[in-house]
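Q: Coordinates for the following, if possible.
(2 chains)
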Amino acid sequence: MSVEMGSLTGSDLARIRQGCYRVLAAGYGRPSPERTGQIGAGLDALEEMGLGVFSFAQPLRSWDHALAAVAPDAVATEYVRLFGSGMDGALCPPIESQHLGANLAGDPARHAGRIEDLMRRSGFEARSDDRPPDHLIVELELASALCASEATARARGDSGRRWLESQQELVVVFAMWVPGFAGTVAERDQSGVFAALTAATTAFVLHEHDLVRVLLEASGEDPQ
Amino acid sequence: MKWIVCSDRVAWAEIGLDVVEQPGWCRDPVIPDGDDLGFIGCEEDLNRHHFERRLRAAGFDPLGIPLVRLSGVDRASRNRVRARVAVASARAAVFPGSGPEHLKPVMPPVVSRRSFLSFRLPAYRTVPHPDAAICGAADGCRACVDICPHGALDWSRGAIDHDRLACAGCGRCITACPIGAMVNPAYTPAQLQAEVVALASNSADPFGVMLHCARTAVPGARLGWFNMAVPCVGMLPAHWILAPLLEGAAAVSVAPCGCGQELDASDRAAAAVTGARDWLRAAGWEDTADRVADSPTESLPEPIEVDASRSGFDPAGAGVVAAAFGQVVWQSESAPMGIVTIDDEVCTGCEMCATVCPSNALVSVATEESLTITFHPSVCTACGQCLARCPEAGAVRLRRTVDADELAVGGRSLVVHTLASCIRCDGTVAPQAALDRIAGLLGDDATTLKQVTLLCLDCRGTTMVF
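A: Predicted coordinates for the structure are as follows:
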């Protein structure tokens, strides 16, 4: 890692992005003290890797602070209220088709099929049937896996273009629905934790939306 | 408010600031953690991106931290240093906050044989982004899309799509938006206004303001003149050039655009300067070449004495300047205000003009019998959206002018349409002019014509008219 020298390798960059996707995905899992600890450790590791130079670092830190400031029980209750039971009209599932169905003129199966197809083409498969393929956790984990593959390819001297193209398929759609989803969560969240989480997710995916294009351009061919 | 300063060539004790002196700090800025850090003073040409990364790593939003560059400033002049610090302070006080949508990452690969393997650390450029809460795109406004020279803005499904990577940050969309929905948090109208007010309150002598492109090297400031950065001088409308004069600046100058990214920026800036001078001349000032100077002059005139109710940098700032200048009639293609008229022989009363008008200069009011479209000249910014979106050629006309007589008249009704009633329920069908237009199109289809023109929407599904 040569952050102090003013540059970083493509492989390290992909590792930082992989870590951010994983940490954010963990944030949408059912809260528990263990998971909160894992998120904190993950963010600490990212800070050591050079997270601080990116514009999305501060929203991630704000989420970490919000998570530390609220009692675990309150976080768990709010999680169920927002993403589970939807009591008091707060339901706001982190599922792509729930937010994009009308705009893309498609049904949930179309969104799920798109993700499953991308997984298949990338050589991955979901290990659990608990969540639909277009659930944000699944999509973030898939993006994380694609970044890991890119990092491995770059470490071997490859440009990682194949993996960047797959990432672009995800981040273009992230940028279409995650900001709106975050706005809805911010209106309904009573704990502040999930508003901070979705704000951090928005900051990161909007950055990814642009960065993946920049990386594709740097890899030699114009992105589609 | 605490400032970190690296220059030991300024008598800080005489300036009256709370400072922490750290000579050489510019070369390797170490930003302390925590929220109690207020402001930072700096002398050398520091690496801006490196500095911003340090701030970001320490948990600050770089855009919200005031940075005073003393290079090019006479350090022996306490007033000048104090004014610079006051400007930075004032900007920070009205910083609106930035979001990820305002930041465009710039991350060039390291040039080498294996260039794809490493990248420079990210730098960020701020770009404007529409504030969805007030943006008029859902009503059909495309003022920003129409003006963007880089194709970075698009109108899609009633919202503005913004391609940050294509955006050059020239800022034309900011001044084209009649309601100030396009926001670049580094250069908001409120920040520019705060800068001028701070200069006025810290300058005992007359001072001039030189507007220059933020992307080009800061021109050397002549005695009595202060530089003020805008995204690009090609974005400047005439009332932004005149706005500093309302707050006490004695003169304004616009530096040439030197970035080379906006090919027509110099022509646009020159047109705006000419417009500003014409406007001043129409308002009764003869020394327009001194007030809006080609370049910073050695001597400055006395400030003009006018009362401005609000900021001339506001989205409706042209109206503020017009009100401050009083009895003025100035007609020009570069005038930032306009008078709309509607030809009632052509208008069908579709209300598209009133729907799309972002500044509510055009408003439609319907009663049971009639539909009236009214016009309020004091808020018209001559954006031309009514003209562009009207489906009937020649129905809407826009005369670009600042006309005190028209402003004195105030709101007026432009056209009144009779509303046709449903033959079944007596409810409203549509303006009779619109039905006449439809009749002209459906002349051969008598059954459909009757169905459409005689029944309201509610009755159309349940009743047939033959």
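Q: Secondary structure of A:L206: a helix, I assume?
A: Yes: A:L206 forms part of a helix when assessed by DSSP: H, G, I helix; E, B strand; the rest coil.
Q: For chain A, list the residues in contact with chain B, please.
A: Within chain A, the residues that sit near chain B (CB under 8 Å from any CB of the partner chain) are A:2-3, A:6-11, A:13, A:50, A:52-59, A:61, A:103, A:154, A:157, A:159, A:179, A:202-204, A:206-207, A:210-211, A:213-215, A:218-220. C-betas here are computed from N, CA, C, even on glycine.
Q: could you give the mean pLDDT of the helix or strand hosting A:E116?
A: Per DSSP states H and E, A:E116 falls inside helix A:108-122. Helix A:108-122 comes out with an average pLDDT of 85.
Q: can you check stretch B:234-247 too?
A: Stretch B:234-247 shows an average pLDDT of 96 in the prediction.
Q: Residue for residue, what is the longest helix chain B has?
A: helix B:265-282 (DSSP state H).
Q: what helices or strands is that helix leaning on?
A: Judged by 3 or more CB pairs under 8 Å, 6 or more residues apart in numbering or on different chains; DSSP states H and E, helix B:265-282 is in contact with helix B:238-246, strand B:251-254, helix B:288-291, strand B:292-293, strand B:329-331.
Q: Of these, flag the one that's most buried.
A: Among the helices and strands packed on helix B:265-282, helix B:238-246 has the highest mean neighbour count (mean count of other CB atoms under 10 Å in any protein chain shown), at a mean of 28.
Q: And the contacts of that one?
A: Helix B:238-246 is contacted by residues B:175, B:192-193, B:196, B:209, B:211, B:228, B:230, B:251-252, B:254, B:272-273, B:275-276, B:279-280, B:291-292, B:303-304, B:306, B:308, B:311-313, B:317-318, B:320-321, B:324, B:334-336 when judged by CB atoms under 8 Å, 6 or more residues apart in numbering or on different chains.
Q: contacting residues for B:T175?
A: Per CB under 8 Å, 6+ apart, neighbours of B:T175: B:M235, B:L236, B:P237, B:W240.
Q: Could you point out which residue ranges in the stretch 1-150 of chain B have low pLDDT?
A: Applying pLDDT under 70 to the stretch 1-150 of chain B flags the ranges B:33-45, B:111-116.
Q: What residues does it have near chain A?
A: Near chain A, when you scan the stretch 1-150 of chain B using CB under 8 Å from any CB, you find B:50, B:53, B:56-59, B:61, B:99-101, B:103-110, B:114-122, B:124.
Q: Among those, which lie within helices?
A: Among the residues of the stretch 1-150 of chain B next to chain A, the members found in helices (DSSP H) are B:H50, B:R53, B:R56, B:A57.
Q: out of the residues you listed, who has the most neighbours?
A: Neighbour counts for these peak at B:R53, which has 25 neighbours (criterion: other CB atoms under 10 Å in any protein chain shown).
Q: which non-adjacent residue is nearest that residue?
A: Closest residue to B:R53 apart from its sequence neighbours, by CB to CB, 6 or more residues apart in numbering or on different chains: A:V53 at 4.6 Å.
Q: what sits against A:R22?
A: With contact set as CB under 8 Å, 6+ apart, A:R22 has these partners: A:G42, A:L140, A:E141, A:S144.
Q: can you do 7 Å?
A: Residues near A:R22 by CB atoms under 7 Å, 6 or more residues apart in numbering or on different chains: A:G42, A:S144.
Q: What strand or helix carries it?
A: For A:R22, the host element (DSSP H and E) is helix A:10-27.
Q: could you give the mean pLDDT of that helix?
A: Here helix A:10-27 scores 96 as its mean pLDDT.
Q: Quick check: next helix or strand after it?
A: Sequence order places helix A:33-49 as the next helix or strand after helix A:10-27, per DSSP H and E.
Q: CA atoms only: put that following helix into PDB for me.
A: Taking C-alpha atoms only, helix A:33-49 is exported to PDB below (Å, rounded to 0.1, in the frame of the first residue of the first chain):
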ATOM      1  CA  PRO A  33     -23.600  -7.200  19.100                       C
ATOM      2  CA  GLU A  34     -21.300  -9.600  17.100                       C
ATOM      3  CA  ARG A  35     -22.200  -8.100  13.800                       C
ATOM      4  CA  THR A  36     -21.700  -4.600  15.200                       C
ATOM      5  CA  GLY A  37     -18.300  -5.600  16.300                       C
ATOM      6  CA  GLN A  38     -17.500  -7.000  12.900                       C
ATOM      7  CA  ILE A  39     -18.600  -3.800  11.200                       C
ATOM      8  CA  GLY A  40     -16.400  -1.800  13.500                       C
ATOM      9  CA  ALA A  41     -13.400  -4.000  12.900                       C
ATOM     10  CA  GLY A  42     -14.000  -3.900   9.200                       C
ATOM     11  CA  LEU A  43     -14.100  -0.100   9.100                       C
ATOM     12  CA  ASP A  44     -11.000   0.000  11.200                       C
ATOM     13  CA  ALA A  45      -9.200  -2.200   8.700                       C
ATOM     14  CA  LEU A  46     -10.500  -0.100   5.800                       C
ATOM     15  CA  GLU A  47      -9.100   3.000   7.500                       C
ATOM     16  CA  GLU A  48      -5.700   1.300   7.700                       C
ATOM     17  CA  MET A  49      -5.900   0.500   4.000                       C
END
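Q: Please state the mean pLDDT value computed over that helix.
A: Taken as a whole, helix A:33-49 has an average pLDDT of 95.
Q: tilt between it and helix A:10-27?
A: Following axes from the mean of the first three to the mean of the last three CA atoms, to 10 degrees, one obtains 160 degrees for the angle between helix A:33-49 and helix A:10-27.
Q: which residues are contacting helix A:33-49?
A: For helix A:33-49, the external contacting residues (CB under 7 Å, 6+ apart) are A:1, A:12, A:15-16, A:19-20, A:22-23, A:26-27, A:29, A:60, A:64, A:67, A:72.
Q: try it again with 6 Å
A: Contacts of helix A:33-49 with the rest of the structure, by CB atoms under 6 Å, 6 or more residues apart in numbering or on different chains, involve A:I16, A:G19, A:V23, A:A26, A:G29, A:D64, A:L67, A:P72.
Q: Of those, which is the nearest to B:D131?
A: A:D64 (27.9 Å; CB to CB).
Q: so where do the strands sit in the stretch 151-300 of chain B?
A: Taking DSSP state E, counting those that start in this stretch as the test, the strands found in the stretch 151-300 of chain B are B:153-156, B:159-162, B:182-183, B:208-213, B:225-230, B:251-254, B:292-293.
Q: if we can go back for a sec, so which bits of the helix holding A:E116 are buried?
A: By 16 or more other CB atoms under 10 Å in any protein chain shown, the buried positions in helix A:108-122 come out as A:P108, A:H111, A:A112, A:R114, A:I115, A:E116, A:L118, A:M119, A:S122.
Q: likewise stretch A:62-75?
A: Residues A:S62, A:W63, A:D64, A:A66, A:L67, A:V70, A:V75 are the ones in stretch A:62-75 that count as buried (16+ other CB under 10 Å).
Q: Would you agree the fourth one falls within a helix?
A: If I follow you right, that is A:A66. Yes: assessed by three-state DSSP, A:A66 belongs to a helix.
Q: Now do the helices in the stretch 251-400 of chain B.
A: Assigned by DSSP state H, counting those that start in this stretch, the stretch 251-400 of chain B shows helices spanning B:265-282, B:288-291, B:317-325, B:352-356, B:385-389.
Q: closest one to B:D458 among the ones you listed?
A: Short answer: helix B:352-356, nearest of these by CB to CB, at 21.8 Å.
Q: For the closest one, output the C-alpha coordinates as PDB.
A: C-alpha atoms of helix B:352-356 as PDB (Å, rounded to 0.1, in the frame of the first residue of the first chain):
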ATOM      1  CA  MET B 352     -48.200  24.400 -20.800                       C
ATOM      2  CA  CYS B 353     -46.500  27.800 -20.400                       C
ATOM      3  CA  ALA B 354     -47.900  28.300 -16.800                       C
ATOM      4  CA  THR B 355     -47.100  24.700 -15.900                       C
ATOM      5  CA  VAL B 356     -43.500  24.900 -17.000                       C
END
